[in-house]
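J.: structure, please.
(chains A and B)
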Amino acid sequence: MAPADLHFQVPIAHWGWTIVWFLWFVGIAGMGSVGYFFVRKAALAYVIFGSLVLGLAFVVSHLGRWWNLPRTLWTMVTNGIFNWSSWMLVGIVLLSVHLILSVIVVASHIPWLQRIGWLKWTATLSRANAYLALYAFLGFMATVYSGFLLTQASGIPLWNTSLIPILWVVSGSIAAIAVIELLYVFGVVESSVSTLAVRLGLGLDAIKLLAVLAFLHVALAYGSAGARIGATAMASGEYALMTWGGVIGIGILVPIAIGLYTVLVKKSKPLLAISSIAALAGVFFLRAVVLLAGAWEPLVL
Amino acid sequence: MSTRLRKGQAPTKRMAHVWDASKCIACGACVMACTSTNNPDMMMREEKGWNSIASNIRRIDSVSAQGRPEVLLVQCQHCEDAPCLNTCPFGATYMDDNGMIRLDPRMCSGCSYCVTSCPYNVRWFHPDSKLPKKCMGDTCLELVDKGLQPACVQSCPAGARDYGDLNDPNSSVSVTLRTKRSRRLLENAGTEPKYFVVEGS
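T.: Purely as a prediction, here's the structure:
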């Protein structure tokens, strides 16, 4: 029997699809920056920058009072009120700095910009390992932040688990590998990089499968009533199709099957394209189910 | 007038709400008085997420295991360790020197983090201003500043509601809590709520 006080967060808090897109783009951009440290291709830099811009556009569009944001920031700075205990503020700072670093990396890849004398420093800086390590670190931290963003929302018991930041990093890494695979399909990345990425992706897919099942199992078996309500919606309720079909079927099993075929039989660009798109979709579905299934702890059962 | 507390500062008062469930007749006068006083524009509009009137007091109707109808009234608990205070990225949510959790609309961008952070699910979005509303509303704060009781206390025909300072041992809320059996909601959430449900003498 449903509790008398059953409320999912979307109709009340409105953390819906715009936040799902935001979390997805942050995952791609964040862990993509880690991938960029190793791959260093212009196309990847553009994907990271585009994902960051789109992610930020989605999150700002979600704000109920977006038009008040300049006043909010002005009041915050002039009054010296910085709530560093909020993961959201930490995230705003991380994403802002990451965006600036990303602009510099993108600028270093644009030939006509590099012909402008006073912009040549962007290429010099973007070739420095220390700079790219900072870029990768900030991307990693932005992905971690997007997990803690949910974990800190203590009204929603399903989210109050340390698994979410880890799951976000693992799935963000899978998304970054999928982007690199797609770049290989389009002839941007070398075959050797793609081969390594497929093997790495296989391992990460296995970890993601374990983490998703552990997330569901712990919430269903040992969670509070609110966590169980959310996990039930994911496992056998409203979002079951998205969980089993989208997150696990399309997002994990299809890439694992194609990855094993690639490693054991032969490499096929069309199959790798399917695998990459499936993996990216799975990362999106994962964020969607976890977000949409969030419910409050019932005050009355 | 109350002032905003900075980090590390302790409130001088600890204003608390008491709801005496043993006296409550579930008439809903407090719910209606809250909306008509603080958000009169919402009197004929619904809070779609709760599927009820948009009020700073949320009414939960249920049936006990023995089949008896029950009601629980929930509102902002003005927690001493309020999660919404920790999550608000811009410091729009703050505690004043009366120990009340308040919202500065100038600093709110409508991100909803306070809504998802509240374990009691008592914040709702005003459809026009997009502000996350909760107890106390602006008009009730004005009433309290004038030394009057908030609308819910004034309107309750059964005398089931009270509001006062926990730091004052002679306040009516302190006396009630000393002499009657009471509980707090989601005690194990660690939020130190200042909303007390009196269950009997």
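
J.: can you pull the pLDDT of the residue in chain B positioned nearest to chain A?
T.: Chain A sits closest to B:G110 of chain B, with a gap of 2.6 Å, by Cβ to the nearest Cβ. (Each C-beta comes from the backbone N, C-alpha and C, glycine too.) Looking at B:G110, its pLDDT is 96.

J.: so who does the residue in the stretch 151-300 of chain A positioned nearest to chain B touch?
T.: Residue nearest to chain B within the stretch 151-300 of chain A: A:A153 (3.8 Å; Cβ to the nearest Cβ). By Cβ atoms under 8 Å, 6 or more residues apart in numbering or on different chains, A:A153 lies in contact with A:W159, A:N160, A:G294, B:T87, B:Y113, B:T116, B:S117.

J.: I'd say A:L299 and B:Y120 touch.
T.: Yes. Judged on Cβ atoms under 8 Å, A:L299 makes contact with B:Y120 at a distance of 6.9 Å.

J.: what is the nearest of the contacts of A:A153 to A:A227?
T.: A:N160 (7.6 Å; Cβ to Cβ).

J.: measure the closest one to A:A278 for me?
T.: 30 Å (Cβ to Cβ, to the nearest Å).

J.: can you check B:I53 too?
T.: On the measure of Cβ to Cβ, B:I53 and A:A278 end up 46 Å apart.

J.: low-confidence regions, chain B specifically.
T.: Along chain B, segments meeting pLDDT under 70 span B:1, B:201.

J.: would you map the helices across it?
T.: B:29-38, B:83-87, B:113-117, B:138-145, B:151-155, B:172-179 (DSSP state H).

J.: near chain A at all, the third one?
T.: It stands for helix B:113-117. Yes. Applying Cβ under 8 Å from any Cβ of the partner chain, one finds helix B:113-117 touching chain A at B:Y113, B:V115, B:T116, B:S117.

J.: okay, now B:L72: neighbour count?
T.: 19 (other Cβ atoms under 10 Å in any protein chain shown).

J.: any idea which residue of the chain is furthest from its center?
T.: Picking chain A for this. A:G117 (36.3 Å; Cα atoms, centre = their mean).

J.: the chain in question should be chain B.
T.: Outermost in chain B, Cα atoms, centre = their mean: B:Q66 at 29.3 Å.

J.: still on that earlier bit, now do the contacts for the nearest residue to the residue of chain B closest to chain A once chain neighbours are set aside.
T.: Leaving out its chain neighbours, the residue that sits closest to B:G110 by Cβ to Cβ, 6 or more residues apart in numbering or on different chains is A:G64, at 2.6 Å. Applying Cβ under 8 Å, 6+ apart to A:G64 gives the contacts A:H14, B:S109, B:G110, B:C111, B:S112, B:F125, B:K130, B:L131.

J.: can I take it that A:G64 is in a strand?
T.: No. Secondary structure assignment places A:G64 outside any strand; it is coil (DSSP: H, G, I helix; E, B strand; the rest coil).

J.: quick check: the most centrally placed residue in chain B vs A:S126, distance?
T.: The centre of chain B sits closest to B:C76, judged by Cα atoms, centre = their mean, with a distance of 3.1 Å. Relative to A:S126, B:C76 is positioned 50 Å away (Cβ to Cβ).

J.: same check on A:L99?
T.: Counting by Cβ to Cβ - A:L99 and A:S126 are separated by 15 Å.

J.: just B:V198 next, same as before
T.: B:V198 is 66 Å from A:S126, by Cβ to Cβ.

J.: for A:L94, same thing?
T.: Counting by Cβ to Cβ, the gap from A:L94 to A:S126 is 19 Å.

J.: between those two, who's got more neighbours?
T.: Remark: of A:L94 and A:S126, A:L94 carries more neighbours, 23 against 20, as counted by other Cβ under 10 Å.

J.: what sits against that one?
T.: Counting by Cβ under 8 Å, 6+ apart, A:L94 has contacts A:L138, A:M141, A:A142, A:Y145.

J.: on that earlier part again, which among the residues of helix B:113-117 next to chain A end up buried?
T.: B:Y113, B:V115, B:T116, B:S117 (16 or more other Cβ atoms under 10 Å in any protein chain shown).

J.: quick check: the residue of chain A nearest chain B.
T.: A:G64 (2.6 Å).

J.: return the distance of that residue relative to B:R102.
T.: Counting by Cβ to Cβ - A:G64 and B:R102 are separated by 18 Å.

J.: B:E70 against B:R59, yeah?
T.: No. Judged on Cβ under 8 Å, B:E70 makes no contact with B:R59 at a distance of 11.1 Å.

J.: neighbour-wise, which of these two wins?
T.: B:R59 (17 against 14).

J.: how much space separates B:P193 from B:W124?
T.: In terms of Cβ to Cβ, B:P193 sits 18 Å off from B:W124.

J.: B:R45 too?
T.: Taking Cβ to Cβ, one finds B:R45 at 11 Å from B:W124.

J.: which residues are common contacts for these two?
T.: B:A54.

J.: among those two, which residue is more densely surrounded?
T.: B:W124 (24 against 14).

J.: what's the burial count for the closest residue to that one other than its chain neighbours?
T.: Of all residues not flanking B:W124 in the chain, B:E47 sits nearest, at 4.8 Å (Cβ to Cβ, 6+ apart). Neighbourhood size, B:E47 [other Cβ under 10 Å]: 20.

J.: let me see the contact set for the residue nearest to A:G16 when sequence neighbours are not counted.
T.: Leaving aside its sequence neighbours, A:G16 sits nearest to A:V10 (Cβ to Cβ, 6+ apart; 4.9 Å). Residues in contact with A:V10, defined by Cβ under 8 Å, 6+ apart, are A:G16, A:L292, A:G294.

J.: next structured bit after the helix or strand where A:L94 lies?
T.: Using DSSP states H and E, A:L94 sits within helix A:87-109. Once helix A:87-109 ends, the next helix or strand along the chain (criterion: DSSP H and E) is helix A:111-114.

J.: which strands and helices lie in contact with that following helix?
T.: Contact here means 3 or more Cβ pairs under 8 Å, 6 or more residues apart in numbering or on different chains; DSSP states H and E; on that basis helix A:111-114 packs against helix A:87-109, helix A:120-127.

J.: looking at those, which has the lowest confidence?
T.: Among the helices and strands packed on helix A:111-114, helix A:120-127 scores lowest, at a mean of 89.

J.: now that helix against helix A:87-109, angle please.
T.: Per axes from the mean of the first three to the mean of the last three Cα atoms, to 10 degrees, the angle that helix A:120-127 makes with helix A:87-109 is 110 degrees.
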